[in-house]
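>>> just to be clear, the model below is a prediction. Sequence and coordinates:
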Amino acid sequence: MATGPQNREPNPPTAGASFGTPADAHAPAGARAALGAGDYSAANTALAAWYPLRETLFRRLWIAAVVSYTGTWMQNVGAGWLMAQTTMSPLMVGLVQAANTLPVFLLVLPAGALADVVDRRRLLIATQTWMVVASAALGVLTIAGFTTPWLLLFFTALLGIGAVVNDPAWQAITPEIVSPPNLASAIALNSAGFNVARAVGPALGGLVVAAGSTWLGSVVPRGVLRVEAGAGLSFLVNAASFLGVIVFLLCWRRRPHDQPEAATRVWHSMKTGLQYVRHAAGVKSVLVRTGAFSVAAAALWAMLPLIAHDHGVVAYGILLGCLGAGAVVGAALLPAIRRCAGMDALVVWATLLYAAVTFAAGELRSFGWLCVALFAGGLGWIAILASLNFCAQTMSPPWLRARSLAVYLFVLQGGLSAGSALWGAVADRIGISHALLAAALTLVFGLAVAPRHRLALTHVQAGGAVQR
């Protein structure tokens, strides 16, 4: 599956948003009679969130996807920790995150158009196979002791290329494997699956790296570091995690779809989307706010392997898991928070929270307090990205939405990629704590664009992206 920011994470309407068919339109017979009108509506709305899992196709793909997302987070832990152990350079550690997100910046626009003009099932089989081969090759080379920092960055970029080509087609098949009344709930479940993997995967990755360092450390060739053996095992586990999705795609009998005849449609589609974005004021506001946040927000993710260095690889996985757990809890709380605060105010306050956590991460030495701070950071992270993503999904008409989302992802991932390299270079010169302080101040100063670029909502049905 696609990598997260990590950010690869795999992007749905925000939790609590209501789209499409009312939740009680397909309720079991007799349910209204058994409950009062208000109680019935609340109970059935909660049940409706799980209805897509009753559909066999969606249930199989959802389980396979969660396993694959978890493998991706384990890979991220192994790559970040391996780089932090082989070189203490903040720049090189930051470049791991940059290599992961740079392909999105470079390829998301043609990838979004490509997903509309080729057979998506075949494209997904190709991209999933690409990622299996890349991850498995990196695992074997690492256990054998051949992986250098630059080779690690190369394979991380290869995985990022597979992920960015995979993502638009992956998000676009959701309406094909779930019935229309359950589509909104299916989108929300996709988001929940990714965030659960974000919470669980890093901790499992830390355990796998630690266990592999112990179990394989005594059998690998002489001169191979124990951390290389552990990281290599996490890469192989990630390669295996893609297999469930590939099996599903091979068994899936997709209905025939008409495909455009000319490959030039990709470039024409890109041009049309860029022309719309250039002239739509609401789109520009979302992109400006996204860019102002993403460049500075990358610092925390990029420096986390070095922050966790003295605590060990399992602790590193737990810290990433705390960020993920905060995101899961934040997604659940967002509907209630939005009833009390507008979208724009929510983003402002969440940015201030994330800035405070970024600063605190460079100052705290207690592992327990680091966990608390990063949990709060996860709350802020998901509140900001969910809000920006929702605005990005509702700022365009349906026939242009995929391309507008591609431009949004271009700005988001480009900012994360550039920010990772930038803050790594800054930390090389002034130290990690001072770099994180500078990033936190940049987040606060970035709010200066908010009055001129307020986030406005339009009542357009949101698409099927997974919030990461």
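Thanks, I have the structure now. Numbering: from 1, shown residues only.

>>> list the buried residues in stretch 343-362.
343-344, 346-348, 350-351, 353-362 (16 or more other CB atoms under 10 Å). Where you see a C-beta, it was placed from the backbone N, CA and C, and this is true even at glycine.

>>> which of the residues you listed fall within helices?
343-344, 346-348, 350-351, 353-361 (DSSP state H).

>>> tell me the least confident of those?
pLDDT across those is lowest for residue 343, at 77.

>>> can you tell me the closest non-neighbouring residue to residue 195?
Closest residue to residue 195 apart from its sequence neighbours, by CB to CB, 6 or more residues apart in numbering: residue 328 at 4.6 Å.

>>> and the helix or strand hosting that neighbour with helix 343-361, angle?
Element membership of residue 328 [criterion: DSSP states H and E] is helix 313-338. Going by axes from the mean of the first three to the mean of the last three CA atoms, to 10 degrees, helix 313-338 is angled at 160 degrees with respect to helix 343-361.

>>> now do helix 313-338, average pLDDT.
Helix 313-338 comes out at a mean pLDDT of 83.

>>> swap in stretch 141-159?
Model confidence over stretch 141-159, given as mean pLDDT, is 91.

>>> now stretch 148-156: how far from the chain's centre is it?
Centroid separation between stretch 148-156 and its chain, computed with CA atoms, centre = their mean, to the nearest Å, is 21 Å.

>>> ignore what I typed, I meant stretch 88-103.
16 Å.

>>> ok, now stretch 181-195?
14 Å.

>>> next: stretch 139-148.
The answer for stretch 139-148 is 27 Å, by CA atoms, centre = their mean.

>>> with stretch 76-95 instead?
Put simply, stretch 76-95 sits 20 Å off its chain's centre (CA atoms, centre = their mean).

>>> switch to numbering from 559
Fine by me, first position is 559 from now on; the one you just mentioned is stretch 634-653.

>>> need the distance between the two termini of that stretch.
13 Å (CA to CA, to the nearest Å).

>>> now tell me which helix or strand of the protein has the poorest mean pLDDT.
Ranked by mean pLDDT, DSSP states H and E, the weakest helix or strand in the chain is helix 589-592, scoring a mean of 43.

>>> count of neighbours near residue 892?
By the criterion of other CB atoms under 10 Å, residue 892 has 23 neighbours.

>>> please disregard the earlier target; I meant residue 924.
9.

>>> that one and residue 698, how far apart?
Distance from residue 924 to residue 698, counting by CB to CB, to the nearest Å: 39 Å.

>>> likewise residue 613?
Residue 613 is 38 Å from residue 698, by CB to CB.

>>> ok, and the closest non-adjacent residue to residue 757?
Counting by CB to CB, 6+ apart, the nearest residue to residue 757 once its immediate chain neighbours are dropped is residue 882, at 3.6 Å.

>>> go on, residue 914?
Using CB to CB, 6+ apart, the nearest residue to residue 914 is residue 998, at 7.1 Å.

>>> for residue 1001, same thing?
residue 913 (3.9 Å).

>>> which element follows the helix or strand encompassing residue 686 toward the C-terminus?
Residue 686 is part of helix 678-701 when elements are defined by DSSP H and E. Next in sequence after helix 678-701, counting helices and strands by DSSP H and E, comes helix 707-730.

>>> quick check: buried residues in that next one?
707, 710-711, 713-730.

>>> next one: stretch 866-880
In stretch 866-880, counting by 16+ other CB under 10 Å, buried: 866, 867, 871, 872, 873, 874, 875, 876, 877, 878, 879, 880.

>>> tabulate the residues you listed in CSV, adding columns for distance to residue 637.
Formatted as CSV, these follow (distance: CB to CB, whole Å):
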residue, distance to residue 637
866, 14
867, 15
871, 12
872, 16
873, 17
874, 11
875, 12
876, 17
877, 15
878, 12
879, 16
880, 19
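
>>> from the residues you listed, which is closest to residue 969?
residue 878 (24.2 Å; CB to CB).

>>> what's the residue nearest to the closest one when sequence neighbours are not counted in contact with, if anything?
Nearest non-adjacent residue to residue 878, counting by CB to CB, 6+ apart: residue 760, 3.3 Å away. Applying CB atoms under 8 Å, 6 or more residues apart in numbering, we find residue 760 in contact with 631, 632, 634, 635, 874, 875, 876, 877, 878, 879, 881, 882.

>>> go again with 6 Å.
Applying CB atoms under 6 Å, 6 or more residues apart in numbering, one finds that residue 760 lies in contact with 631, 635, 875, 878, 879.

>>> name the SS class of it, please.
helix (DSSP: H, G, I helix; E, B strand; the rest coil).

>>> roughly how far does it sit from residue 628?
9 Å.

>>> same question for residue 652.
Taken as CB to CB, the span from residue 652 to residue 628 is 24 Å.

>>> what do you get for residue 986?
32 Å.

>>> neighbour count: the two, which is higher?
residue 628 (25 against 16).

>>> name the element that one belongs to?
helix 614-644.

>>> what does the following helix or strand past that helix contact?
Remark: after helix 614-644, the chain's next helix or strand is helix 648-672, criterion DSSP H and E. Residues external to helix 648-672 that are found in contact with it (CB under 6 Å, 6+ apart): 561, 637-638, 641-642, 707, 711, 714-715, 718-719, 722-723, 726, 824, 827-828, 859-860, 863-864, 960-961, 964, 967-968, 971-972, 974-975, 978-979, 981-983, 985-986.

>>> report the angle between the axes of helix 648-672 and helix 707-730?
Using the same axes, to 10 degrees: helix 648-672 against helix 707-730 is 30 degrees.

>>> and helix 648-672, average pLDDT?
Per-residue scores along helix 648-672 average to 81.

>>> what's the angle from that helix to helix 678-701?
Using the same axes, to 10 degrees: helix 648-672 against helix 678-701 is 160 degrees.

>>> could you give the angle of helix 648-672 to helix 614-644?
150 degrees.

>>> from the chain's centroid, how far away is helix 648-672?
Distance, centroid of helix 648-672 to centroid of chain: 12 Å (CA atoms, centre = their mean).

>>> that older thread, the residue nearest to residue 753 contacts residue 758, doesn't it?
No - applying CB atoms under 6 Å as the test, residue 886 and residue 758 come out as separate, 9.7 Å apart.

>>> quick one on the thing from earlier: where's the residue nearest to residue 1001 relative to residue 841, distance?
25 Å.

>>> what of residue 766?
With CB to CB as the criterion, residue 766 and residue 841 are 42 Å apart.

>>> the two - which one has more neighbours?
Between residue 766 and residue 841, residue 766 has the larger neighbour count (other CB under 10 Å), namely 26 against 20.

>>> what ranges in the stretch 659-808 of the chain fall below the confidence cut-off?
742, 745-746, 774-785 (pLDDT under 70).

>>> ok, back up a step: OK, contacts around the residue nearest to residue 914?
913, 916, 917.
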